[in-house]
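> this is a predicted model, with the sequence first.
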Amino acid sequence: MTPRTRTVLALTALLLAIAAAFFIPLPRDASPATRIISIVEIQRAPSAVFEFVTTPAYWPAWHPSSLSVQGTTDHPLEVGEQVAEEFRVAGRRGRVVWTVSVKTYPVRWSIDGVIDGRAAGTVTYMLAPRTNGTRFIREFTYRAPSVWFAILNWIVLKGTIQSESDEAVMRLKRLLESMPAR
C-alpha cells in the first residue's frame, strides 16, 4: 500500500468516525434544555380556556403541528391519563404518546411526551386571570437526543418550532374568541 493510499484511508476513517459521532445518542442531561415559550391574551375565563386546551380532541383545530389524536380525547385529561398524537413539527412527522404529569385547575397543566420509547419533551400550559380574560402561556421544553440534532436545533429547528408555537396560540385565541362565551 502506498503512503498516499494509507493517508486517504486514514482520512476517510477519521471522517467516518466524526460523522458517526454526530448520531451517537446523548445522555439525557448532556444537552441544555430548549424552551419554546408562546404567550397570548384570550378574552375568555381561565376555566373555559383550561378546559378547552386540556381536551385533546380540540388540539388539531388550533395547533398546526397536531394532525390527529387517538385515545381518550373527549375531556380535560387528568394526571396519569395518556393520549397519542400524530404530529408534524418543523417538517418532521411522527407519533408521540403524552402523559399528563401536572394538573392544577385552572392554572397549570403539563404533559410529558415519549417517541419510540425515548423522552421527547414536556408541554406546559400556564393560565392567569386578567381583567378581560386569561393570559395563556404555552411552554415546550425538549433536549437534543444527539449532536446532529443539537446542531440542527441551533441552526433551524428552534426558530421553526417557535414560529409554529406562536401560530398555535394565535389560532387558539381566534378560535376561542369566535365561540360564544360560556
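Thanks, I have the structure now.
> so what sits opposite the residue nearest the centre of the chain in the bridge?
When CA atoms, centre = their mean is applied to the chain, the residue found nearest the centroid is Phe140 (4.9 Å). As for beta bridges, Phe140 partners with Ile36, Val123 under DSSP bridges.
> pretty sure it is touching Ala33, no?
No - the criterion here is CB atoms under 8 Å, and Phe140 misses it with Ala33 at 10.2 Å. From N, CA and C alone the C-beta is placed, and that goes for glycine too.
> so how far is the strand or helix carrying Leu175 off the chain centroid?
In the assignment (DSSP states H and E), Leu175 maps to helix 158-178. How far helix 158-178 lies from its chain's middle: 13 Å, per CA atoms, centre = their mean, to the nearest Å.
> also stretch 101-109?
Centre-to-centre, stretch 101-109 and its host chain are 17 Å apart (CA atoms, centre = their mean).
> now the end-to-end length of that stretch.
Using CA to CA, to the nearest Å, the end-to-end distance of stretch 101-109 comes to 8 Å.
> give me the mean pLDDT for it.
Averaged across stretch 101-109, the pLDDT comes to 99.
> ok, stretch 39-50 next?
For stretch 39-50, the mean pLDDT works out to 98.
> how near is the closest residue to Leu176 other than its chain neighbours to Pro129?
Counting by CB to CB, 6 or more residues apart in numbering, Arg44 is the residue found nearest to Leu176 once chain neighbours are left out, at 5.0 Å. Distance from Arg44 to Pro129, counting by CB to CB, to the nearest Å: 11 Å.
> next, Phe149: phi, psi?
phi -60, psi -40 (degrees, to the nearest 10).
> many thanks, we can stop here.
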